[in-house]
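**Q** The sequence and its predicted three-dimensional model are supplied below.
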Amino acid sequence: QVQPVESGGGLVQPGGSLRLACTASGFSLDHYPIGWFRQAPGKEREGVSCISKGDGLPYYADSVKGRFTISRDKATNTVYLQMDSLEPEDTAVYYCAVDQDGGPLCVIAQSWYESWGQGTPVTVSS
């Protein structure tokens, strides 16, 4: 069973930074496109960023472009989401997802992802 696990969420002030991590045991994240999604209170889940498999071509939603950075660490089997210049609007539960059946490139659409983590909450507030 492919099951990613998120960590790194927490409370941060506006303008601050957090780094989320997506890890897995028993399979290599490097073999799959990985997506980060988020769901704010009372809102639908939306795509934030994704990274293609292998060398990792990234993609970002317009709302986070220039502030968030997705990357892979093959040595630790981890996909990171570095979040800088955080805004209250970034408050949400963040989910990592694995595209097990897709091609090499990532697509930031929920229906493309088969395996989801439990989520890690991020709160941006003063």
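**A** Great, that's in hand.

**Q** beta partners for the residue nearest in space to the middle of the chain?
**A** Among the residues of the chain, the one closest to the centroid is Trp36, at 2.5 Å (Cα atoms, centre = their mean). Per DSSP bridges, the residues bridged to Trp36 are Ser49, Cys96.

**Q** what's near enough to touch Pro88?
**A** Pro14, Val124, Ser125 (Cβ atoms under 8 Å, 6 or more residues apart in numbering). (Glycine included, C-beta is placed from N, CA and C.)

**Q** Give me the buried subset of the residues you listed.
**A** Val124 (16 or more other Cβ atoms under 10 Å).

**Q** Show me the contacts of Pro88 that map onto strands.
**A** Val124 (DSSP state E).

**Q** out of the contacts of Pro88, which one sits closest to Lys53?
**A** Closest to Lys53 out of the contacts of Pro88 is Val124 (30.3 Å), distances taken as Cβ to Cβ.

**Q** And for Lys43, nearest residue in space, chain neighbours not counted?
**A** Ala92 (7.8 Å; Cβ to Cβ, 6 or more residues apart in numbering).

**Q** Tell me who's in contact with the one you found.
**A** Arg38, Gln39, Ala40, Pro41, Lys43, Pro121, Val122.

**Q** May I see those arranged in TSV, with neighbour count and pLDDT as well?
**A** As requested, those are exported to TSV (neighbours: other Cβ atoms under 10 Å; pLDDT from 0 to 100):
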residue	neighbour count	pLDDT
Arg38	25	98
Gln39	14	98
Ala40	14	97
Pro41	7	93
Lys43	9	97
Pro121	13	98
Val122	22	98
